[in-house]
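**Q** Next comes the sequence, and after it the predicted model I'd like to discuss.
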Amino acid sequence: MNASIVLASSSPRRRELLASVGIPFVVESSRTPEEVLPGETPEAHVLRLSAEKALEVSQRAPELGRWYIGSDTVVVRDGEILGKPRDREHAAGMLRSLSGRSHWVLSGYAVHDRHGGQTHTGFGRTRVIFRELTEEQIQGYLDTGEPFDKAGSYAIQGTGAFMVRAIEGSYTTVVGLPLCELVELLERLGAARLFHALES
């Protein structure tokens, strides 16, 4: 396909996921603030931010391509959105609150068609179950530096995997990009096509 795709994210995890299925794309980081609006549900939050990120980059850098992908991920515990930690103590508090119990990870995605002016959105939801964590484990994990730019203060694809007893749903949703749903959307829009036969 000749249609150019732009990933509106600085996340190396999202970049690796999209590259893993062989879709060509370029990267341009979004500058959209990741704040939660008053009364906003987790579902509405990830859908809104995913769309805003895609739109912001498409308007700022329209020459990069036609299709702009935005995404946002949050951890939800007891209905409360846990975003990225402010500091070490905030991260430690998040991990203590997740210890020995389950929570939800929601990852939104949006594809903005700059030519047609339409934005298509969706989200994935996965339940994650944590083991009981000791204070030593929490502090040791914080010492790795891994939690500080992650929603919920952990990375399932990194050292944080030691905390995850089980998941129910999509692994890529927890990493930060619901790959199955996103690829389905890109194919439906004609923005990408996987495993197509070579023309003779």
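**A** Done, it's in. Numbering: from 1, shown residues only.

**Q** only C-alpha atoms for contact and neighbour calcs from this point on.
**A** Will do.

**Q** The lowest-mean-pLDDT helix or strand in the chain pairs with which strands, parallel or anti?
**A** Each helix and strand of the chain was given a mean pLDDT (mean pLDDT, DSSP states H and E); the minimum falls on strand 80-82 at a mean of 93. Strand pairing for strand 80-82, determined by DSSP bridges: strand 67-77 (antiparallel).

**Q** C-terminal to the least confident helix or strand of the chain, what's the next element?
**A** Past strand 80-82, heading to the C-terminal end, the next element that is a helix or strand (DSSP states H and E) is helix 88-98.

**Q** what packs against the helix or strand just after that following helix?
**A** Downstream of helix 88-98, the next assigned helix or strand under DSSP H and E is strand 102-113. Taking 3 or more Cα pairs under 8 Å, 6 or more residues apart in numbering; DSSP states H and E as contact, the helices and strands that strand 102-113 lies on are helix 42-60, strand 67-77, strand 118-130, helix 171-175.

**Q** Now with 10 Å, please.
**A** strand 5-7, helix 42-60, strand 67-77, strand 80-82, strand 118-130, strand 164-168, helix 171-175, helix 179-189 (3 or more Cα pairs under 10 Å, 6 or more residues apart in numbering; DSSP states H and E).

**Q** re earlier: now do the least confident helix or strand of the chain: everything it contacts.
**A** Identification of contacts with strand 80-82 by Cα atoms under 10 Å, 6 or more residues apart in numbering yields 36, 40-42, 45, 73-76, 91, 94, 104-106, 150-153.

**Q** If any of the residues you listed are buried, put those into a ChimeraX selection.
**A** Here is the ChimeraX command that picks out the buried ones among the contacts of strand 80-82, judged by 16 or more other Cα atoms under 10 Å:
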select :36,42,45,73,74,75,76,91,94,104,105,106,150,151,152,153
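
**Q** Can you check what pLDDT the model gives the spatially most central residue of the chain?
**A** Of all residues in the chain, the one closest to the mean position by Cα atoms, centre = their mean is G176, 2.6 Å from it. Per-residue pLDDT puts G176 at 95.
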